[in-house]
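Q: Have a look at this fold, sequence not included:
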């Protein structure tokens, strides 16, 4: 093949070209003057009038209005400003260092935010809004699962950990693409950590290489937490705040995929119990074992003295897994109403006491799910829906709290939306709540964050920021089970995958 050669331009020509490029591609600057518009900018995500952590990554966003250029200015009223500019794509991205310095200097303060657009050579100013920077930080790391919203057959999915102070994402574990063809893939779910630290962590691997993966002190194990004396596999976990003990529900679950109903998927338990796992001794035992009552979603109180859980006295099919496919059974599922219960735990004797009612959702003709106690021990956070316990698919689901000191129960109105606000987690300082919501399109869950102040009030929730604000439009997967930690997962995805695919599950004993 003959190569064509072109003459090398002189240095003066190169400098001229560079000057022309700089002039032609110059970015706009924030205007000093602009014509005021009596309307808000159409932005995505909606980052207006919110409270944000002082250590959160930049809230990059896009303006969806037409324009030749766009700009944004933060103003503290004392002359210190933060700015970003863009071309006609409307994508406004802050400089990372400038952003961090600005938030660090303005903890506990509220800023006026002004968005501008340039059109026809003129600058226009949208109606201003405010963003407050809370003095309290959020935990640095967020773990979550990415999965297609309709998972009749799952494909590539995984667990990931995002650094909330920037945009770094680490893959915890991702099921391999190639082994899917060979029918040797696996599902991963239910990641959980002990007391906001990754020093002790677990998740489940299902299907071909099934087992519960527990990692601690640099060691990874795959366990088979099963016994003829317990109902089934260990499912929803919660680690004791100090000891090497884990409480699980043990569920036999079925799924129904609907065509006409607005609730696209229904997840039902046809039986469920509560079990206890002593990780030091590799022993599992029953805590609550019943034939006709459903118990699920257990969680420890932050002092380790109680286990909270959900209970329904209505069993839709008396333990028959085949009957869950019956259409009458599906209609009957709307009668499933879960209350929130708790049982005391004696750490010295490792024994549980009698159960007591904490919140009577059934009396409201509602159903409660996923109880979580704030780390300061003051509030019980849960989701409340019309029926059932898998509220991630229920548009009626909203976040509620019960003040354990006063007994008052109330919705987090400022954080809730009209479409699915479900799985949630506290920050370690009890000031932030992360949760899943389908408020944007009704199909995909996205991670939202709300400030929960010292007076017990939630503030307007905002979407997890991304480096490219179009990411949550282009991503055709749902964020699932958000969990906060103070530190990063110290293991590689290859280490986890090797244990999952190359080792046999260690069988635990029953006590």
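A: Done, it's in. Since the structure is predicted, the reported quantities are computational estimates derived from the model, not experimental observations. Residues are numbered from 1 along each chain as shown.

Q: CA atoms for contacts and neighbours, from now on please.
A: OK.

Q: For the stretch 251-400 of the chain, which residues score under the pLDDT cut-off?
A: The model of the stretch 251-400 of the chain has pLDDT under 70 over residues 255-264, 315-332.

Q: and with 80 instead?
A: Counting by pLDDT under 80, the ranges of the stretch 251-400 of the chain that qualify are 253-268, 270, 314-334, 391-393.

Q: Let me see the ranges of the strands in it.
A: Ranges of strands in the stretch 251-400 of the chain, per DSSP state E, counting those that start in this stretch, are 265-278, 283-288, 294-300, 306-312, 339-346, 351-352, 356-359, 367-373, 379-385, 398-403.

Q: quick one, which of these is nearest to residue 76?
A: Nearest to residue 76, of all these, is strand 398-403, at 32.6 Å by CA to CA.

Q: If you count contacts, what does the closest one end up packed against?
A: strand 379-385, strand 409-411, strand 421-426 (3 or more CA pairs under 8 Å, 6 or more residues apart in numbering; DSSP states H and E).

Q: Of all these, which one comes closest to residue 45?
A: Of all the helices and strands packed on strand 398-403, it is strand 421-426 that lies closest to residue 45, at 16.8 Å by CA to CA.

Q: From the contact counts, what lies against the helix or strand that comes right after the closest one?
A: Downstream of strand 421-426, the first helix or strand assigned by DSSP states H and E is strand 432-437. With contacts taken as 3+ CA pairs under 8 Å, 6+ apart, strand 432-437 sits against strand 421-426, strand 446-451, strand 478-485.

Q: If you average the pLDDT over strand 432-437, what comes out?
A: The average of the pLDDT scores along strand 432-437 is 97.

Q: Can you give the strand pairings for the helix or strand harbouring residue 113, parallel or anti for each?
A: In this structure, residue 113 is located in strand 109-119 according to DSSP H and E. Using DSSP bridges, the strands paired with strand 109-119 are strand 69-75 (antiparallel), strand 122-125 (antiparallel), strand 129-133 (antiparallel).

Q: hmm, back to that, go through the helices and strands packed on strand 398-403 and pick out the most buried.
A: Of the helices and strands packed on strand 398-403, the one with the most neighbours on average (mean count of other CA atoms under 10 Å) is strand 421-426, at a mean of 26.

Q: Could you check the angle that strand makes with strand 446-451?
A: Per axes from the mean of the first three to the mean of the last three CA atoms, to 10 degrees, the angle that strand 421-426 makes with strand 446-451 is 50 degrees.

Q: Need the contact partners of strand 421-426.
A: With contact meaning CA atoms under 8 Å, 6 or more residues apart in numbering, strand 421-426 is reached by 370, 372-375, 382-383, 391-392, 395, 397-399, 432-439, 480-484.

Q: Give me the angle between that strand and strand 398-403.
A: Going by the same axes, to 10 degrees, strand 421-426 makes 40 degrees with strand 398-403.

Q: Let me have the helices and strands packed on strand 398-403 in a markdown table, extended by distance to residue 57.
A: Shown next, in a markdown table, are the helices and strands packed on strand 398-403 (distance: least, CA to CA, whole Å):
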| stretch | distance to residue 57 |
| --- | --- |
| strand 379-385 | 26 |
| strand 409-411 | 28 |
| strand 421-426 | 19 |
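
Q: which one of these lies closest to residue 33?
A: Comparison of the helices and strands packed on strand 398-403 against residue 33 by CA to CA identifies strand 421-426 as nearest, at 41.1 Å.

Q: can you pull the contacts of residue 69?
A: 28, 85, 86, 87, 88, 89, 90, 117, 118, 119.

Q: What's opposite residue 200 in the beta bridge?
A: Going by DSSP bridges, residue 200 is paired in beta bridges with residue 216.

Q: swap in residue 211?
A: Counting by DSSP bridges, residue 211 is bridged to residue 205.

Q: Kindly check the end-to-end length of stretch 419-428 for me.
A: 27 Å (CA to CA, to the nearest Å).

Q: Let me know the average pLDDT across that stretch.
A: 95.

Q: I figured residue 29 hits residue 85, correct?
A: Yes - Residue 29 lies in contact with residue 85 (CA atoms under 8 Å); the separation is 6.5 Å.

Q: and those two? which has more neighbours close in?
A: The neighbour count for residue 29 versus residue 85, taken as other CA atoms under 10 Å, is higher for residue 85 (21 against 14).

Q: contacting residues for the more buried one?
A: 27, 28, 29, 30, 69, 70, 71, 72, 92, 93.

Q: And the third one, how close does it get to residue 118?
A: Read it as residue 29. The value you get for residue 29 to residue 118, if CA to CA is used, is 10 Å.

Q: Okay, helices next: where are they in the stretch 51-200 of the chain?
A: For the stretch 51-200 of the chain, helices defined by DSSP state H, counting those that start in this stretch occupy the ranges 96-105, 178-181.

Q: how about CSV for those, with mean neighbour count, distance to residue 281 and mean pLDDT added?
A: Listed next are these as CSV, based on neighbours: other CA atoms under 10 Å; distance: least, CA to CA, whole Å; pLDDT from 0 to 100:
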stretch, mean neighbour count, distance to residue 281, mean pLDDT
helix 96-105, 15, 46, 98
helix 178-181, 12, 34, 47
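
Q: Adding distance to residue 204, write these out as JSON lines.
A: Shown next, in JSON lines, are the helices of the stretch 51-200 of the chain (distance: least, CA to CA, whole Å):
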{"stretch": "helix 96-105", "distance to residue 204": "36"}
{"stretch": "helix 178-181", "distance to residue 204": "18"}
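
Q: what's the closest of these to residue 447?
A: Of all the helices of the stretch 51-200 of the chain, it is helix 96-105 that lies closest to residue 447, at 21.4 Å by CA to CA.

Q: and the angle for the closest one with strand 69-75?
A: The directions of helix 96-105 and strand 69-75 differ by 30 degrees, with the same axes, to 10 degrees as the criterion.

Q: so what does helix 96-105 touch, helix or strand wise?
A: Here helix 96-105 is seen to pack against strand 81-86 when contacts are counted using 3+ CA pairs under 8 Å, 6+ apart.

Q: The strand it packs on pairs with which strands, parallel or anti?
A: Sheet partners by DSSP bridges: for strand 81-86, these are strand 69-75 (antiparallel).

Q: Any idea how far apart the tips of stretch 351-369 sit?
A: 25 Å.

Q: what comes up buried for that stretch?
A: Judged by neighbour count (16 or more other CA atoms under 10 Å), stretch 351-369 contains these buried residues: 352, 358, 359, 360, 361, 362, 366, 367, 368, 369.

Q: residues making contact with that stretch?
A: 287, 297, 310, 336-346, 382-391.

Q: re earlier: for the helices and strands packed on strand 432-437, which one ends up most surrounded?
A: Counting by mean count of other CA under 10 Å, strand 421-426 has the highest mean neighbour count of the helices and strands packed on strand 432-437, with a mean of 26.

Q: What angle do strand 379-385 and it make with each other?
A: Counting by the same axes, to 10 degrees, strand 421-426 lies at 170 degrees to strand 379-385.

Q: and residue 499, that one's in a helix?
A: Yes - the assignment for residue 499 (DSSP: H, G, I helix; E, B strand; the rest coil) places it in a helix.

Q: And it, what's its pLDDT?
A: Residue 499 is assigned a pLDDT of 95 by the prediction.

Q: For it, grab the count of nearby residues.
A: 16.

Q: pretty sure it contacts residue 221?
A: Yes - taking CA under 8 Å as the definition, residue 499 is a contact partner of residue 221 at 7.0 Å.

Q: Now do the contacts for residue 244.
A: Contact partners of residue 244, counting by CA under 8 Å, 6+ apart, are 278, 279, 280.
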